[in-house]
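Sequence plus the predicted model coming up.
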2 protein chains.
Amino acid sequence: MENLPSIVTLASYFSRLPGVGPKSAERMAYAVLGMEGETAEGFANAIKDAKSKISRCPRCGLYEEGGACPICDDPSRDQKTLMVVTSYKDALAIEKSGSYKGLYHLLKGTLSPAKGIYPEDLGVDELLTRINNGQIEEVIVATNPTIDGETTALYLARRIEEGGKVKVSRLAYGLSMGSSLEYSDALTLEKAIEGRKDI
Amino acid sequence: MENLPSIVTLASYFSRLPGVGPKSAERMAYAVLGMEGETAEGFANAIKDAKSKISRCPRCGLYEEGGACPICDDPSRDQKTLMVVTSYKDALAIEKSGSYKGLYHLLKGTLSPAKGIYPEDLGVDELLTRINNGQIEEVIVATNPTIDGETTALYLARRIEEGGKVKVSRLAYGLSMGSSLEYSDALTLEKAIEGRKDI
């Protein structure tokens, strides 16, 4: 008595999800077997729905559902500020903070010469076209505080400033709120000292 | 910008799986969004297939796929020995060990007066009918080595022996192979000493 073929197939899909190893995938597949028929049907339909109803906004590249982009199609948002993010979840985190009311632009990753990822892979030209054709006055580069993120931010700043009229900024580095100075890493402390502000 | 409605729905299904909290469920839902259309379609179909193709064998209660029970419908198996298990995965573990060639019977759980689970909830009468009508000569009770499992094993032994002709045994308790005596718990050591064998 081996694992049932349909369980093996289903487990192979679960194991493609982040953080799911072969053992957990098998356990999840058996959990589906133990669900009510209606629940399992709903689960399967939810997967299809997510793929069919959600698409990428052709302007900003973030996800939209039902054909209207919650950012680009919201006239109350500041049309003069553009934040460049490298993942949808980064934009979601910024939105949840409630501290930004401008537009977004999704870059398709970060530059990484070591991994063979160059500007043309990230859609940098599309970003520049959007900036130069529009009414954008400030671009905030919100790449991750990593070496690749930094490289990308500096590259973008240089390219955008070639256009001349647009201000480029990036998110501040420093201590995380609620964190402890004692346990902060040396680089974070260095950035926090460099970026100190008068009080 | 909230989470997209289809993502919220999909994440709610993922969070019903064992070991998946709300954060992981959300991450899994976004991972589905990042899959190729074909892969997501396959995933959804695999869920439906598992539910529609797999059913329970009306004799032993274990899962079967394609209408034939891999155990009951295998004439090479010893038809005189019946192992009582309390979950499908327990039977699978026994099968994987390759050390048992008899039949199985799935009990729908373990007795637990504290949780209000009584013999009639477990299908004990169906088990007794199967034993008394058939050619069964030995019943091996393979409940878990827990208090409820023990209670269930003793209860079953008493009920089966009322019929008279059938031998009842249960799995041995003792040290796990490859484990360390030093780190074994006191109850396991007690069982290992009680069950000691001449060499």
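Yep, it's here.

which stretches of chain A aren't confidently modelled?
A:1-2 (pLDDT under 70).

How are the helices of it distributed by residue range?
For chain A, the helices defined by DSSP state H occupy A:5-14, A:22-33, A:37-53, A:88-97, A:119-122, A:124-133, A:147-163, A:186-194.

and these, which is most packed in?
Among those, helix A:5-14 has the highest mean neighbour count (mean count of other Cβ atoms under 10 Å in any protein chain shown), at a mean of 21. No exception for glycine: its C-beta is placed from N, CA and C like everyone else's.

tell me which strands and helices that one is in contact with?
helix A:22-33, helix B:37-53 (3 or more Cβ pairs under 8 Å, 6 or more residues apart in numbering or on different chains; DSSP states H and E).

got the contact list for that helix?
A:3, A:20, A:22, A:24-26, A:28-30, A:32-33, B:39, B:42-43, B:46-47, B:49-50, B:53-54, B:65 (Cβ atoms under 8 Å, 6 or more residues apart in numbering or on different chains).

Between the two ends of stretch A:125-140, what distance do you get?
This stretch, stretch A:125-140, spans 17 Å end to end (Cα to Cα, to the nearest Å).

distance of residue A:153 from chain B?
Plainly put, residue A:153 is 23 Å away from chain B if you go by Cβ to the nearest Cβ, to the nearest Å.

Who are the contact partners of that residue?
Residue A:153 touches A:141, A:143, A:170, counting by Cβ under 8 Å, 6+ apart.

Verify the stated contact: the second one with residue A:154.
So the one you mean is residue A:143. No: applying Cβ atoms under 8 Å as the test, residue A:143 and residue A:154 come out as separate, 9.6 Å apart.

and the residue nearest to the spatial centre of chain A, what is it in contact with?
Taking Cα atoms, centre = their mean, the centroid of chain A lies closest to residue A:87, which sits 1.5 Å from it. Residue A:87 makes contacts with residue A:106, as judged by Cβ under 8 Å, 6+ apart.

distance of it from residue B:44?
Using Cβ to Cβ, to the nearest Å, residue A:87 is found at 25 Å from residue B:44.

what's the answer for residue A:63, then?
According to Cβ to Cβ, residue A:63 and residue B:44 sit 19 Å apart.

Same check on residue A:109?
Distance of residue A:109 to residue B:44, given as Cβ to Cβ: 28 Å.

same check, this time on residue A:125
The spacing between residue A:125 and residue B:44, counted by Cβ to Cβ, is 36 Å.

Report whether stretch A:15-34 contacts chain B.
Yes: if you take Cβ under 8 Å from any Cβ of the partner chain as the test, stretch A:15-34 does meet chain B, through A:16-20, A:24, A:27-33.

Please apply the same query to stretch A:58-77.
Yes: interface with chain B: stretch A:58-77 contributes A:62, A:63, A:64, A:65, A:70, A:71 (Cβ under 8 Å from any Cβ).

ok, how many other residues are close to residue A:100?
16 (other Cβ atoms under 10 Å in any protein chain shown).

ok, the closest residue to it other than its chain neighbours - contacts?
Excluding its sequence neighbours, the residue lying closest to residue A:100 (Cβ to Cβ, 6 or more residues apart in numbering or on different chains) is residue A:94, at 5.2 Å. Applying Cβ under 8 Å, 6+ apart to residue A:94 gives the contacts A:83, A:85, A:100, A:142.

between these, which is closest to chain B?
Chain B has its nearest neighbour among these in residue A:100, at 10.3 Å by Cβ to the nearest Cβ.

doesn't residue A:77 make contact with that closest one?
No: contact criterion Cβ under 8 Å: residue A:100 and residue A:77 do not qualify, at 9.3 Å.

just to revisit the earlier point, for residue A:163, which of the helices and strands packed on helix A:5-14 is the nearest?
helix B:37-53 (36.9 Å; Cβ to Cβ).
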